[in-house]
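Visitor: sharing a model prediction with you, sequence too.
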Amino acid sequence: MVTRKEMNLAPHHILVPKHEIMTIEEAKQVLEKYHCKAIELPLIFVNDPAIVGLGVKPGDMIKITRKSATAGESFYYRYVIEV
């Protein structure tokens, strides 16, 4: 039987952008740059298929790197919460 963690197919799909856990220092820099609190960022659930294999926990910040035809690369930030 396949468990939910083993069914981690979505992160390896070509259309799923790169997700990575940010360090505390990186997170502080982003929050200072955008003059906001972590909870004011868009939210992502801890069991989201794109991040479940990263070993995230509630309270972490995720950096999403998307490829863009016009901007090259763009960065998005999400705050991890429980369901």
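Guide: Thanks, I have the structure now.
Visitor: just checking: what are the partner strands of the helix or strand harbouring Tyr77?
Guide: Using DSSP states H and E, Tyr77 falls within strand 72-81. Using DSSP bridges, the strands paired with strand 72-81 are strand 43-45 (parallel), strand 61-68 (antiparallel).
Visitor: and stretch 16-30, how far out from the chain middle?
Guide: Distance of stretch 16-30 from its chain centroid, counting by CA atoms, centre = their mean, to the nearest Å, is 7 Å.
Visitor: how far is stretch 65-83 from where the chain is centred?
Guide: 7 Å.
Visitor: buried residues in the strand holding Tyr77?
Guide: When burial is assessed from 16 or more other CB atoms under 10 Å, strand 72-81 yields the following buried residues: Tyr77, Arg78, Tyr79, Val80. No exception for glycine: its C-beta is placed from N, CA and C like everyone else's.
Visitor: ok, those vs Lys57, which is closest?
Guide: Nearest to Lys57 among the buried residues of strand 72-81: Val80, at 6.9 Å, using CB to CB.
Visitor: any idea what that closest one is bridged to?
Guide: Ile44.
Visitor: out of the strands paired with strand 72-81, which gets nearest to His35?
Guide: Nearest to His35 among the strands paired with strand 72-81 is strand 61-68 (15.5 Å), distances taken as CB to CB.
Visitor: so what touches the closest one?
Guide: With contact meaning CB atoms under 8 Å, 6 or more residues apart in numbering, strand 61-68 is reached by 17-22, 26-27, 30, 38, 41, 44, 51, 54, 56, 73-80.
Visitor: which parts of it are buried?
Guide: The neighbour-count check on strand 61-68 (16+ other CB under 10 Å) flags Met61, Ile62, Lys63, Ile64 as buried.
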